[in-house]
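*Asks:* the following block contains a protein sequence and its predicted model.
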Amino acid sequence: MSVPANNPATALPIWATLRAVLGLCWVHRMVALRYASAPVGLLVLADIGGTLAGIDIMNANGWIAGVSAAALIVFAPLTVAWYRLVVFGPADIARRPLLVFGNAEWRLVGLNVKLALAILGMGAVGALVVFAGLAVIATNGSEQGAKVATVVLAVPVGVAVFYGLTRLSVALAYAAADTPITLCQAIVLTRGCAGRLTVLHALVALAAGILSAASSAMVDALGTALGYSAESATGGWALVVSSVATVFSIAYLLFATALFGLAYRRIERGEAGPPVVEIPNLPHVDVGGEVQRAIGYIDKLRSEGSKATIADFRALFDRFGGSFPLPEGARITPVDAGGVPAAWIDGPWSDQAAVRVPVVLYFHGGGFSVGGITSHRRAAADIGRDAGARVLLVDYRLAPEHPFPAAVRDCAAAYRWLIGQGVPAERIVFAGDSAGGNLVVTTMLEARAAGLPRPAAGVCLSPWVDLACTGATYDTNKAEDPIGSRQGLREAAAIYLAGADAGDPLASPIHGELSGLPPLLIQAGSREVLLDDARALGAAAGRAGVAVRLEIWPGMIHNWQMLADLLSDGVRANTRIGGYVRLHTDGLM
C-alpha cells in the first residue's frame, strides 16, 4: 500500500470538527450506551466485589488493575463499532453482534500495544531530558527553582508525547475500517493536520473532563448532604464515586474515538487514502463455499431459463435480479427523469424531508443490452439503505435497438433532470455495476462536456470499461467467473457499439481524459474476468490526479454485491459503498 509523500488537504477546522465530534456522540448516544455497558458493567461488578470483600476500593487501584485491563479488552468491540459507525454509518454496526472479536478487533488490540510501547519510549526519552535538566539545576539552584524547572521541562515533554499519540492513533481508525496501515504511515497521513488534531484532542479531553468534574461535584454535594465525604468515602458511596469515574473514562474514549474516526474521513476526503486496498477475509467465513453456492444458484436459474433471443435473455436477467426480496419498507416510485424512464427507490432509511439526504444516481449493468428496474431494484435498494440515501435507478435505452451512445445520453439526461429538481450536485453520487460502472465514468465525461457540475463521487462495481476486452484476466479467470469469456463479452460489445470504435472514450473510458473527475471507489473481485478492467480504470484515474480507491476482494466473482443474500462479502461490500457515499456527501466536516 502506498502513501502520499505529503497531504496538504487535511487541515481540520477546529471548532467545526469539535462540534461534529460532540454532535456525533450525542446523536448516537444510544449506540454508545449499548456497547459501553459491557466494560462499564465489568468494572462496576469488580467494584461491588471489592466492596463486599471489605476492600477500600477508593485506595486499592493496584488490585483492580487486572480487571481494568480486561475491561479495556472488552471495550475493543465498542471501539471498532464506534469507528465503523463514523466511517460506514449505523447500518454496519446494526449487523455487529456485541462482543464478537474479528480481524478489526484483534488489529486494534495489537495496535494499542504498539501505541503503548511507542508512547512509553517517547515518555522515557522525555523523562531523561527532564531528569538531566533537574540534575543541572539542583546542583546550583534552590528547591523552589527545581520545582519551577520541573514544570517548565515537563510540560513540553507532555505536549510532545500527546502530539505523538494523537498522530499515531489515526492508525486505529484505518484498522477498524479494514484498511490497516502502519504507525509510520499514520505519521505521513497526518502531515498537515497534526497540530490541529492535537489541539482538537486536547479540547475533546477538556470537554470530557468538564462533564466528569461537573458530575463529580454533583456526586460530592449529594454525598455531603447524606453525611459522606469524598475523603472518607467507603462502602456503597465509594461504589457510586468509582462508577461515575468509570462512566466518564469511557465517555472520554468515545469522544477521542469519534475524533480519530472523523480525522480518517477528512484524510480520505483530502485524497490521501491508500489507492489500492486488499480486503481481508473474515476468519469465520468460508468464502470458497459461499461463492460455490452462489454460482450454483446462478447456474440453476440459467438452466430454468432461455437465452435464445434478446427478449429471452432480458426476461432471464430480470428473473435473476427480481428473485431477491427488497429490504423491509422499501418503496419504488416510477418517474420520468427528463424523458428517461427511471424509478425512485427509498424507504425508512431516507428522510425525504431532510435537507442533506444523499441521492445515488444508479446505472444498472447487463452488457448494455439487458437489465433495468426489475433486475437491479434490490441492488440499488441495498446501497440506498446502507448509505441512508434515495436512489434514482435509470432505465436507459438498450442495444441493439438503441446502440452506442444512447445509454450515455440517457444517463446524462437523467443527471441533468436531477439537478433541475433542485438536488445539489455535491449531494449526488453516481453508482453502477458492470456496464453501469462504465456509465458512471462516461456519464461524468458527458456531463462535463455539457457544462454540468460534477457530482460528489462515483462508485464503479466490477466495471466493464475496456470494450476491446484486452485484459489478461479475461483468460486467467474465465474458469472461475460465471460472467463469461473474452469472446462472449466482445460479442456483447459489438452489439452495443454497432460499428463504433471501442477506443472511443465514451465507450471505453480508460481512454478518456479523466482529470478533474470526482473521487472514485472501484470494487472488483479477485476471481472475475473484469479484474484487469478495474485495475486499468484505477490506474488511468490515478494518473489523471483523480482520488481513486481500488478495492480487490479475495475470492469474489463478478457483481458479487448483487448476491448479498448468498455472500457475506456482498453485505460487507454494500456497507462500504454506503459509507463511501456518506463520506463524500454528509458534510460532517
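*Replies:* Right, received. Where do you want to start?

*Asks:* run a quick neighbour tally on V465.
*Replies:* Other residues within reach of V465, judged by other Cβ atoms under 10 Å, total 27. All C-beta atoms are positioned from the backbone trio N, CA, C, and that covers glycine.

*Asks:* list phi and psi for L392.
*Replies:* The phi/psi pair for L392 (degrees, to the nearest 10) reads phi -100, psi 110.

*Asks:* is it bridged to anything, and to what?
*Replies:* Beta-bridge partners of L392, counted by DSSP bridges, are W344, L361.

*Asks:* gap between V408 and V340?
*Replies:* Distance, V408 to V340, by Cβ to Cβ, to the nearest Å: 12 Å.

*Asks:* what segments of the stretch 201-350 of the chain are strands?
*Replies:* 276-278, 331-336, 341-346 (DSSP state E, counting those that start in this stretch).

*Asks:* need those in CSV with mean neighbour count, can you?
*Replies:* Supplementary listing: the strands of the stretch 201-350 of the chain in CSV, determined by neighbours: other Cβ atoms under 10 Å:
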stretch, mean neighbour count
strand 276-278, 17
strand 331-336, 13
strand 341-346, 22
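
*Asks:* possible to save these as CSV with mean pLDDT and distance to L530?
*Replies:* Rendered in CSV, the data for the strands of the stretch 201-350 of the chain read as follows (pLDDT from 0 to 100; distance: least, Cβ to Cβ, whole Å):
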stretch, mean pLDDT, distance to L530
strand 276-278, 78, 16
strand 331-336, 96, 28
strand 341-346, 96, 25
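
*Asks:* what's the single longest helix in the chain?
*Replies:* Looking only at the chain and at elements set by DSSP state H, the helix with the highest residue count is helix 103-140.

*Asks:* mind giving me the packing neighbours of it?
*Replies:* When contacts are defined as 3 or more Cβ pairs under 8 Å, 6 or more residues apart in numbering; DSSP states H and E, helix 103-140 packs onto helix 61-88, helix 143-176, helix 183-189.

*Asks:* of all the strands of the stretch 201-350 of the chain, which one comes closest to A425?
*Replies:* Checking those against A425 by Cβ to Cβ gives strand 341-346 as the closest, at 17.6 Å.

*Asks:* mind giving me the packing neighbours of that closest one?
*Replies:* In this structure, strand 341-346 makes packing contacts with strand 331-336, helix 373-387, strand 390-394, judged by 3+ Cβ pairs under 8 Å, 6+ apart.

*Asks:* distance from the chain centre to it, please.
*Replies:* Remark: strand 341-346 is offset 26 Å from the chain centroid, using Cα atoms, centre = their mean, to the nearest Å.

*Asks:* now do stretch 182-191
*Replies:* Per Cα atoms, centre = their mean, the displacement of stretch 182-191 from the mean C-alpha position of its chain is 18 Å.

*Asks:* now stretch 200-218
*Replies:* Stretch 200-218 has its average C-alpha position 29 Å from the chain's average C-alpha position, going by Cα atoms, centre = their mean.

*Asks:* okay, buried residues for it please.
*Replies:* Neighbour counts using 16 or more other Cβ atoms under 10 Å place 200-201, 203-204, 207-208, 212 of stretch 200-218 among the buried residues.

*Asks:* nearest to L588, of those residues?
*Replies:* Taking Cβ to Cβ as the measure, L200 is the one of the buried residues of stretch 200-218 closest to L588, at 13.6 Å.

*Asks:* distance of that closest one relative to P13?
*Replies:* 10 Å.

*Asks:* check I267 too.
*Replies:* I267 sits at a distance of 14 Å from P13 (criterion: Cβ to Cβ).

*Asks:* out of the two, which sits in the busier spot?
*Replies:* The residue with the greater number of neighbours, taking I267 and P13 and applying other Cβ under 10 Å, is I267; the counts read 25 against 13.

*Asks:* so A205 sits right up against A256, yeah?
*Replies:* Yes: with the criterion set as Cβ atoms under 8 Å, A205 and A256 qualify as a contacting pair; they are 7.4 Å apart.

*Asks:* contacts for stretch 484-500?
*Replies:* By Cβ atoms under 8 Å, 6 or more residues apart in numbering, the surrounding residues in contact with stretch 484-500 are 367-369, 399-400, 403-405, 407, 435, 464, 467-469, 474-475, 478, 483, 502, 507, 529.

*Asks:* give the buried subset of those residues as a ChimeraX selection command.
*Replies:* For the buried members of those, the matching ChimeraX selection, counting by 16+ other Cβ under 10 Å, is:
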select :367,368,369,399,403,404,405,407,435,464,467,468,469,474,478,483,502,507,529
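
*Asks:* among the contacts of stretch 484-500, which are in helices?
*Replies:* Residues of the contacts of stretch 484-500 located in helices (DSSP H): 407, 435, 474-475.

*Asks:* reformat the residues you listed as JSON lines; add pLDDT.
*Replies:* Formatted as JSON lines, these follow (pLDDT from 0 to 100):
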{"residue": "A407", "pLDDT": "98"}
{"residue": "A435", "pLDDT": "97"}
{"residue": "Y474", "pLDDT": "95"}
{"residue": "D475", "pLDDT": "93"}
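
*Asks:* ok, of these, which one's closest to L326?
*Replies:* So of those, ranked by how close each gets to L326 (Cβ to Cβ), first place is A435, at 22.7 Å.

*Asks:* from G195, how far out is V170?
*Replies:* Following Cβ to Cβ, the distance that separates V170 from G195 is 14 Å.

*Asks:* lowest average confidence, helix or strand, in the protein?
*Replies:* Of all the helices and strands that make up the chain, helix 61-88 has the lowest average by mean pLDDT, DSSP states H and E, namely a mean of 73.

*Asks:* need the contact partners of the helix or strand following that helix.
*Replies:* Secondary structure here is assigned by DSSP states H and E; on that basis, the next helix or strand after helix 61-88 toward the C-terminus is helix 90-93. The contact list for helix 90-93 (Cβ under 8 Å, 6+ apart) reads 28, 31, 81, 84-85, 349, 385-386, 388, 575, 578-579.

*Asks:* hmm, try it at 6 Å
*Replies:* Contacts made with helix 90-93 from outside it, assessed by Cβ atoms under 6 Å, 6 or more residues apart in numbering, are listed as 81, 84-85, 386, 575, 578.
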